[in-house]
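Visitor: sequence plus the predicted model coming up.
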Amino acid sequence: MDAAKTIWMNGKFIPWDDAKTHVLSHTIHYGNGVIEGTKAYKTDKGYAIFRLNDHTKRLLESARMTLIDIPYTVEELNQAQIELVRKNEFTGDNVYIRPFAFLGYGVMGVHHKGAPVETVLAAWEWGAYLGEEGLKRGIRLKISSINRAANTSSMGKAKATANYLNSQMAKYEAIECGYDEGLLLDDQGYVAEATGAAFFMVREGKLITPPSDNALESITQKMVIEMAEDMGIEVLRRRITREELYIADEAFLTGTAAEVTPVRDIDGRIVGEGSRGPITEKIQSTYFDIVFGRNPKYNHYLTYV
């Protein structure tokens, strides 16, 4: 990770290296924290943060689900993120913003309500999450032996740090087996999501993506659905079985970090022609036009710095 100049922590901008916490902070021991992933792109008008309000709102919703009392409003956190990008004087094409909140030092034991809440906004330059080559050629995807936790056993709609243990294990398994990314099924055997992204496939010209029954409600997934419908592509939100993946015409992942990443191989089965398909390419190019400020129709999703 490339260090930046400054981080916003509990209402103040401080040097990157001074953003520290105690080793006995509650979240380190019991895993209750919430995170977001937001991205700013270098446009002709300077940096623009993509769907800033949606991401900040989801952070506060996740905190409410997990009983973390963030003492800042959406508006205050939005303005702080704008200032954060400005103060760091970035020069690259992509800036990743990580808003998060965790429970700090002062309480030990499972009951967490007495622990202080630490709220942080960090940003740094970060390229393609799954590699520049992956954006063009496509990645290899492995169905994980680890299921997405059932709704009865976790708060899957919260973008909570504890939920990412499954993702870490699935990602490790995929890479150790020679793949780039893991895909988790739910406890009923239907596609849930990748380790940090939503899943789409194309069959017979239709775009198909799972409902958010057992997955994070993805902001980028919603964006892609809106874009596809505006293009006249039929979009179906329905459960997807493992077998269907192997006969997909195209497949891709979406997320703030993953952006729109094609899938060329699932469990050793070649997807389509084994490269980025035409619908995927159309959606990918449209997405990048939007985030880089080249499509005025969607400019309302951009917050210029």
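Guide: Great, that's in hand.

Visitor: what about stretch 283-301, average pLDDT?
Guide: Stretch 283-301 comes out with an average pLDDT of 97.

Visitor: gap between that stretch and the chain center?
Guide: Centroid separation for stretch 283-301 versus its chain: 18 Å, with Cα atoms, centre = their mean, to the nearest Å.

Visitor: what do you get for stretch 104-115?
Guide: Worked out by Cα atoms, centre = their mean, stretch 104-115 lies 28 Å from the chain centre.

Visitor: what does stretch 252-270 give?
Guide: On Cα atoms, centre = their mean, the centre of stretch 252-270 falls 14 Å from that of its chain.

Visitor: over to stretch 135-152?
Guide: 14 Å.

Visitor: first-to-last residue distance for that stretch?
Guide: One end of stretch 135-152 sits 35 Å from the other (Cα to Cα, to the nearest Å).

Visitor: next: stretch 142-156.
Guide: Across stretch 142-156, first to last residue, Cα to Cα, it's 21 Å.

Visitor: list the buried residues for that stretch?
Guide: 142-144, 146-149, 154, 156 (16 or more other Cβ atoms under 10 Å). Placement of C-beta: from N, CA and C, glycine included.

Visitor: out of those, which are inside strands?
Guide: Counting by DSSP state E, the buried residues of stretch 142-156 place 142-143 in strands.

Visitor: distance to S212 and pLDDT added to the buried residues of stretch 142-156, as TSV?
Guide: Formatted as TSV, the buried residues of stretch 142-156 follow (distance: Cβ to Cβ, whole Å; pLDDT from 0 to 100):
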residue	distance to S212	pLDDT
K142	22	98
I143	19	98
S144	19	98
I146	19	92
N147	16	94
R148	11	94
A149	14	89
S154	14	84
G156	9	87
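
Visitor: format the buried residues of stretch 142-156 as TSV; extra columns: distance to N295.
Guide: Shown next, in TSV, are the buried residues of stretch 142-156 (distance: Cβ to Cβ, whole Å):
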residue	distance to N295
K142	34
I143	34
S144	35
I146	38
N147	38
R148	33
A149	37
S154	37
G156	32
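
Visitor: closest to T73 out of the buried residues of stretch 142-156?
Guide: Nearest to T73 among the buried residues of stretch 142-156: G156, at 25.8 Å, using Cβ to Cβ.

Visitor: excluding its backbone neighbours, what's nearest that closest one?
Guide: Closest residue to G156 apart from its sequence neighbours, by Cβ to Cβ, 6 or more residues apart in numbering: N214 at 6.0 Å.

Visitor: any idea how far the one you found is from A150?
Guide: 7 Å (Cβ to Cβ, to the nearest Å).
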